[in-house]
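>>> model the following, please.
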Amino acid sequence: MANSIPPIPTRYAGVLFRSRLEARYALFFDSLDIRWEYETQGFSADGTWYLPDFVLFPALGMLWAEVKPSWDSDVAGVGRWQKFAAWRPQPSRSALLVGIPAEGNTAIVRGGDEDAENPGDGPWEDDSQEWRPCPSGHHFDLAYAGTFKAKFAEDGCPYDDPEGKGQDKLERAMEAARSARFGKGE
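Take a look at the predicted model:
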């Protein structure tokens, strides 16, 4: 099924995005202090040209991200992402992010290991990862429920987050992305 509503080019943080959904994700990443770059480098993956929407630098390592409004909105684009995800530069992961950032939204992630010790290794593909805070609530990444065990003492993460500040920050970031109102040309 093709997307019947054309994307609306949207400016956010000085960048012109091809769609409002991409701008919402950039705002989401900013809210979580995840460094991102938009459409910085294209690749010829197995003979197919592909330009990832984002390269992200979350807690567990480099992540190439493609954003789509729905699973079936751009079948050809998803096919290009699949080829790229299998070929991607190493070490890195690749994710297909579908729909607006929201609780319960999962992503298809390619690459990494189940223990998150070396997230760039592995040819697996998984659709059960969600955005999660590290145990101290300071860093965020796509991870399985209960498996994001990494702490970053040099960045203020030596302790657990019993008050749930990381989860609160994640929920605020999702709400900010959902409720953002971009003006004409902004």
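>>> surely Glu22 and Asp53 touch.
Yes - proximity of Glu22 to Asp53 meets the contact threshold set by CB atoms under 8 Å, at 5.8 Å. For glycine as for every other residue, the C-beta is placed from the backbone atoms N, C-alpha and C.
>>> which residues do the two both contact?
Tyr38, Val67 (CB atoms under 8 Å, 6 or more residues apart in numbering).
>>> can you tell me what sits against the longest helix seen in the chain?
Taking DSSP state H as the criterion, the chain has its longest helix at helix 165-179. The contact list for helix 165-179 (CB under 8 Å, 6+ apart) reads 24-25, 27-28, 31-32, 100-103, 131-134, 136-138, 140, 161.
>>> in the sheet, who's paired with the residue nearest to Ala143 when sequence neighbours are not counted?
In space, Ala143 comes closest to Arg132 once its chain neighbours are excluded; the distance is 4.7 Å by CB to CB, 6 or more residues apart in numbering. Beta-bridge partners for Arg132, by DSSP bridges, are Asp141.
>>> excluding its backbone neighbours, what's nearest the spatially most central residue of the chain?
The centre of the chain sits closest to Ala65, judged by CA atoms, centre = their mean, with a distance of 5.2 Å. Nearest residue to Ala65, sequence neighbours excluded (CB to CB, 6+ apart): Phe54, at 4.2 Å.
>>> how many neighbours does the one you found have?
Other residues within reach of Phe54, judged by other CB atoms under 10 Å, total 22.
>>> what sits against it?
Applying CB under 8 Å, 6+ apart, the residues near Phe54 are Glu22, Tyr25, Ala26, Phe29, Trp36, Glu37, Tyr38, Glu39, Trp64, Ala65, Val67.
>>> go with 7 Å
Contacts for Phe54 (CB atoms under 7 Å, 6 or more residues apart in numbering) come out as Trp36, Glu37, Tyr38, Ala65.
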